[in-house]
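*Asks:* next comes the sequence, and after it the predicted model I'd like to discuss.
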Protein chains: 2
Amino acid sequence: MKTYRELEARFARLADLGAALAVLGWDERTMMPAGASPVRAETNAGLRVLSHELLTGAELGDLLDKVDSEHNQLDEWQRANVAEMRWQRLHATAVPADLVHALAMIESRTEMAWRAAKPANDFPAVRALLEETVRLVREASVAKAEALGLSPYDALMDQWDPGLRTAFVDPIFDAYGRFLPGFLERVLEKQSREDLLPIEGPFPIERQRALALDAMRAVGFDFNRGRLDESLHPFCGGAPGDVRITTRYDEHDFARSLMGVLHETGHAMYELGLPEAWRRQPVGEARGMTVHESQSLLVEMQACRSREFLAWLAPQLRAAFGGSEAVRDAASGGGAWSETNLRRHLTRVRRSFIRVDADEVTYPAHVILRYRLERGLLSGDLPVADLPDAWAHGLQTLLGIRPPDDRRGCLQDIHWYSATFGYFATYSLGAMTAAQLFGAAAIAEPGLRDDLARGDFRRLMGWLRTNVHAQGRRFSTEALVTRATGRPLDPAIFQAHLQRRYLDEA
Amino acid sequence: MKTYRELEARFARLADLGAALAVLGWDERTMMPAGASPVRAETNAGLRVLSHELLTGAELGDLLDKVDSEHNQLDEWQRANVAEMRWQRLHATAVPADLVHALAMIESRTEMAWRAAKPANDFPAVRALLEETVRLVREASVAKAEALGLSPYDALMDQWDPGLRTAFVDPIFDAYGRFLPGFLERVLEKQSREDLLPIEGPFPIERQRALALDAMRAVGFDFNRGRLDESLHPFCGGAPGDVRITTRYDEHDFARSLMGVLHETGHAMYELGLPEAWRRQPVGEARGMTVHESQSLLVEMQACRSREFLAWLAPQLRAAFGGSEAVRDAASGGGAWSETNLRRHLTRVRRSFIRVDADEVTYPAHVILRYRLERGLLSGDLPVADLPDAWAHGLQTLLGIRPPDDRRGCLQDIHWYSATFGYFATYSLGAMTAAQLFGAAAIAEPGLRDDLARGDFRRLMGWLRTNVHAQGRRFSTEALVTRATGRPLDPAIFQAHLQRRYLDEA
């Protein structure tokens, strides 16, 4: 197993570079003084190029060829590890170095232009750069397609979620597109008949922070191996065994930060639960973005917007933010901070323009729109110049509304402007996977929902640890889901969850 | 200049790794959750080994051989850059890889043992590990000596301060050893006759922090390219263009934190003033540890303990901490917060055991002691087992006191227990260089001292920027000092400074 051991040593080195880049990335968005940006960009680029060179070098290729002769000596995890090494190298070598460089350059230029164009609502200002970005991404996707034996768009999705294909996504999204309009009408009609008392702030930041930390502890976050900080755009970052999430507090909206922290905590629990024995090896990493999003959404949407958990949360929010009025209301069992009113707020459905603020019913519409548009952009069927109109038309079809401007339309997300294509589908596939995993966990662990009503996540997290987190990349996404839930992803489970939460429950 | 350009590209890559390690080092001591230590140790080791491999690889050696043919095309800075590249590679290749690895292992083991042994005052607990550390450092010093054509101890000093030799240090330290006893007696006698009113706390941390930030701004620290945070042991770290200093607040002692911040700000101003055009190149780095220490001590000791600056500082401290009592005292011109009383506190001389708390008069005694002892340890003349006694005896000779225990003796500093030898001399050479540079600056810029009395450091920093910071490693330390001050380091200038501040001034 000499060759295999040598491969492990080389990939451990790559993991060290990755961990360094991850901590630097966290630092950049939370601590770094603004004036250090150009220097940091150089440092990041240097480490990335080095990493790319190590991954694409001839020696590593020779080792991956030679390791076949040791196949019989490797156990199941080691074989899966070699497969993941090959997958990483295949993606890295597929794109010629000069194209990698050109993409890195256009990416930072376009993103910078987008940062100015978005608040100015000025799509024409970024159009030419986006065209060039699309052209280069298309070129890379064609190169990857050839190397991987996939269609260009599948090759892009594969890098975010290995194995994900349009042939799998299309029918799921088409079905949701058919399901949504009628379902949405019924939900909106039902919710329009419900009383909704406003929950009024301000909500002092310090109390929000204390509550966020309490919520993280409840879920099981280990502050000896992670942190909570603040950043403009919340994220889950850091390195293995050192997981750092962020949030942004708004004095007039406690829910966005709190639910955002719970979402990122779901991501963090996945990272903290990855198999310790395979740290610094490809097979020890998170399976892919669908499974990663499933973990954040399972915590935020399935567990933390459930009636059970909200019954536990409501009195705590009342105590933190309610003041004397809340005490009176509490005595009568009603008022803004009542369990029922809180649940109505946290499960409110709306036709809205901004993806990141959307509820779980309409969120897939935003994703489907982007999924379709980016395929059109890459195939060339949709010229960049026509994007604003296509966006407006698509949202009209899916959700029945048109964005009033590009800021709330095709300029809202960073993805395309930072050369990220093939990613969006994983958000909604993650939501669907979350519903299926949560359902399976609740069956396997009968007391699980009652636990949540006491703010106790141990049983849920224990099940997830065993069935998802600790599996790393040992199985494909499909095999992981099948082993954990008894069947491959079944979108009907997500629809049943929506039916139950938004129509059946009182 | 193809070869030279290729060398620049490779050293820029090494600088990127160095910058990443530097930010990770800052993070480790300020932000990282404790449980992440083992993971971070792996990441650090991975990046260090990678860096060492890149620096010692055969390709780099070939390029450094070939670049000679381009000598005539290179300008002065480029030639100096090549010389620094050769110096870095020489030090890196001098020690065989297995010895580098053995040193890294013993270093972390010994340091860990020391962290427990120091508070327990248990030298025997760490003795065997220190013996092994000394043995390995000796082996490395012999290997370096051979490669560099120096004595083993000179080879160790050379890595911290290129060009520094015992033949230079010995007479300076011997002279100070002769000067100190009589001078110290006179200072202590003079100070014993002065009234000293106690300055009593508590000094609220928030006010100390605000004052520290004000002081940094006064010196000229650019918060767009750096930060101030807290850590157990204060340091100046971060990367070029992103300089991060730390302090530690004590509610009962405002001076330690404030003067510490000013000290680290001196280091930071050096880093921030390095030649921008040579960032990521060896010649663009700080000259060496003597010059680095000269910059921190110039700010802390020369500028910020001067009568001029303290005249500016006293009313600010009074306003921040003084309360009503101070207002009354201020009206009468006296009291604890008076300029005179503050100056007496901040220039108080004592025979004491702890180097880091020592005043500028006795500090060199602590350094000379360690310089002599570590040479004995490395030569074998001083067995590790005899270190506690040799320490006590040496301090008695230099300062007239004996440490009551090893905690306040040979266990107090981390250096030897983390395999750092050959470093100590730079502290006191830095103090002497600081006196010489400050004197030259005050002559070149006649209004400089008056500026300090208004809290205005611009003239001082302008002179340092031009004469020291922006020179990077273009000149040797000796040439740098000679160009800036008209002559090589002259320890008589430091002694004259002490004479003036501690005996002549009222």
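*Replies:* It's in.

*Asks:* show me where pLDDT drops low in the stretch 201-350 of chain A?
*Replies:* Along the stretch 201-350 of chain A, segments meeting pLDDT under 70 span A:324-334.

*Asks:* should've said chain A
*Replies:* Scanning chain A for pLDDT under 70 picks out A:324-334, A:506.

*Asks:* which stretches of it form strands?
*Replies:* Using DSSP state E, the strands of chain A run over A:226-230, A:236-239, A:242-247.

*Asks:* which among those is found nearest to A:Tyr423?
*Replies:* If you check each of these against A:Tyr423 by CB to CB, strand A:236-239 wins as the nearest, at 15.4 Å. Using the backbone N, CA and C atoms, a C-beta is placed for each residue, glycine as well.

*Asks:* tell me the centre residue of chain A?
*Replies:* For chain A, the residue nearest the mean C-alpha position is A:Glu293 (4.0 Å; CA atoms, centre = their mean).

*Asks:* quick one: residues contacting that one.
*Replies:* With contacts defined as CB atoms under 8 Å, 6 or more residues apart in numbering or on different chains, A:Glu293 is in contact with A:426-427, A:429-431, A:433-434.

*Asks:* can I get those residues in JSON lines with neighbour count and distance to B:Glu111?
*Replies:* Formatted as JSON lines, the contacts of A:Glu293 follow (neighbours: other CB atoms under 10 Å in any protein chain shown; distance: CB to CB, whole Å):
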{"residue": "A:Thr426", "neighbour count": "24", "distance to B:Glu111": "44"}
{"residue": "A:Tyr427", "neighbour count": "21", "distance to B:Glu111": "46"}
{"residue": "A:Leu429", "neighbour count": "28", "distance to B:Glu111": "48"}
{"residue": "A:Gly430", "neighbour count": "24", "distance to B:Glu111": "44"}
{"residue": "A:Ala431", "neighbour count": "26", "distance to B:Glu111": "48"}
{"residue": "A:Thr433", "neighbour count": "29", "distance to B:Glu111": "46"}
{"residue": "A:Ala434", "neighbour count": "28", "distance to B:Glu111": "45"}
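
*Asks:* in stretch A:12-27, which residues are buried?
*Replies:* The neighbour-count check on stretch A:12-27 (16 or more other CB atoms under 10 Å in any protein chain shown) flags A:13-27 as buried.

*Asks:* run through the helices of the stretch 151-300 of chain A in chain order.
*Replies:* Counting by DSSP state H, counting those that start in this stretch, the stretch 151-300 of chain A has helices at residues A:152-160, A:166-192, A:205-219, A:254-273, A:289-297.

*Asks:* tell me which residues of the second one come out buried.
*Replies:* By neighbour count, and taking 16+ other CB under 10 Å as the criterion, the buried residues in helix A:166-192 are A:166, A:168-169, A:172-173, A:176-177, A:179-180, A:183-184, A:187, A:191.

*Asks:* identify the farthest-apart pair in the contacts of A:Glu293.
*Replies:* Spanning the widest gap among the contacts of A:Glu293 are A:Thr426 and A:Ala434, at 11.8 Å by CB to CB.

*Asks:* now the angle from the helix of greatest length in chain A to strand B:242-247?
*Replies:* Counting residues, the longest helix in chain A under DSSP state H turns out to be helix A:2-30. When axes from the mean of the first three to the mean of the last three CA atoms, to 10 degrees is applied, the directions of helix A:2-30 and strand B:242-247 differ by 80 degrees.

*Asks:* tilt between helix A:2-30 and strand A:226-230?
*Replies:* Using the same axes, to 10 degrees: helix A:2-30 against strand A:226-230 is 30 degrees.
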